[in-house]
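Visitor: pasting a predicted model and its sequence here:
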Amino acid sequence: MLYVLKEQPQTYAKNRRNYLTLSEPARLFRCLRCKLHIINEGLIFLARRKGCSSLAEDSKDNVSEVINAAANLAKAVPVYDDAIKPIAIETGKALGTVGKLVNSALAPLRGLVWGAEKIEAWVQSRVSAKLENVPPEKIISPDIAIAGPTISELKYRGHKPELSEMFASLFAGAMNSDTAQKAHPAFVGMISSMTPLDAKVFATIMEGEPIPYIAVDLKGKEGSINVLDLVSDTLFNANVFPSGYSNESVQKLKSSLNNLERMKLVDVNMDGYLSAPPFEKRYQELEDSEVVISFKEQLKDKNLGGRSIWIRKRFIRLTELGRDFSEVTLTSIGT
């Protein structure tokens, strides 16, 4: 049996006028959302129709079992024994206090979760802007494998501008027939696995040449121990680290690079170095830095157990996957 929901003529006309005022991306988004809703409702209806009788009986039995178990437990265990009653009351008060603190701590998060209306507004503004210079005949419906997960992830990551902009570029790329084949569904998960700092670090690596860095090790017969990593100040620009170079920023950078390398977006090359003269100069600047000189001074009179300081030249660069990813999520499709 088919169920048809018929709108009143006035309501239908009003909704149609509202629909026609939307941009093409927003219309496609609304159609997509309706399709997802219809599919979801259809699955629920079929599931209920198929198993309603057995579910009702099972549910009845389960409820009876739970009620009986609770009743037996209440009989077996007194609510409070006189000896522990004061302690239990105090514990209850403490839990109440903790609950208030938890609610207070979670309160700021409530406004960060995006609803359907906010996501639709986001499509209307940011995605439309990125498709502004694309010919209308090239704007297509996005692949559901990209659009669906993107909409879902925006609920919890849309409030982070660095990530929402990457999602907007990916969404727009999937709606442009010239770039749709480059927009891979896996890119949604990659953006979701990033922090705003990861996005900034990746954008910086994408913009320029490979970045030199050095690893300072203590090398002995049994092997080497890495004690210090120094990277070119390219990654310590004001956009990435407003406070500049510090021990804390170095640790954050290493964490970001580890995450980007885990996703195969960048390669922290351990098997070679950049031999061109401009890079040799930057390697030398790293070796002559105050950090390395101070480290050498500290170890000058130490017994290193037969170990010696060993400086390895390395570099950071985009992988092929990283280039494909950056073309769809970072390079401008429109604005």
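Guide: Alright, I've got the coordinates.

Visitor: you'd agree residue 316 is in a strand?
Guide: Yes: Residue 316: assigned to a strand according to DSSP: H, G, I helix; E, B strand; the rest coil.

Visitor: tell me how many other residues crowd it.
Guide: Using other Cβ atoms under 10 Å, residue 316 has 21 other residues around it. For glycine as for every other residue, the C-beta is placed from the backbone atoms N, C-alpha and C.

Visitor: list the beta-bridge partners for it.
Guide: Bridge pairing for residue 316 (DSSP bridges) gives the partners residue 211, residue 268.

Visitor: tell me how far it lies from residue 279.
Guide: Distance of residue 316 to residue 279, given as Cβ to Cβ, to the nearest Å: 12 Å.

Visitor: what touches both of these two?
Guide: residue 210 (Cβ atoms under 8 Å, 6 or more residues apart in numbering).

Visitor: pretty sure residue 316 contacts residue 258?
Guide: No: applying Cβ atoms under 8 Å, one finds residue 316 not in contact with residue 258, separated by 11.7 Å.

Visitor: the strands in this structure, which residues?
Guide: 211-220, 223-231, 266-269, 308-318 (DSSP state E).

Visitor: export these to TSV and append columns for mean pLDDT and distance to residue 244.
Guide: Putting the strands of the chain into TSV (pLDDT from 0 to 100; distance: least, Cβ to Cβ, whole Å) gives the following:
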stretch	mean pLDDT	distance to residue 244
strand 211-220	85	17
strand 223-231	79	13
strand 266-269	88	22
strand 308-318	87	19
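
Visitor: which one of the ones you listed lies closest to residue 178?
Guide: strand 308-318 (22.0 Å; Cβ to Cβ).

Visitor: now what about stretch 312-324, what contacts it?
Guide: 182, 184, 202, 205-206, 210-217, 231, 257, 260, 264-270, 272-274, 279, 283, 326.

Visitor: return the helix or strand in this protein with minimum mean pLDDT.
Guide: helix 24-76 (a mean of 48; mean pLDDT, DSSP states H and E).
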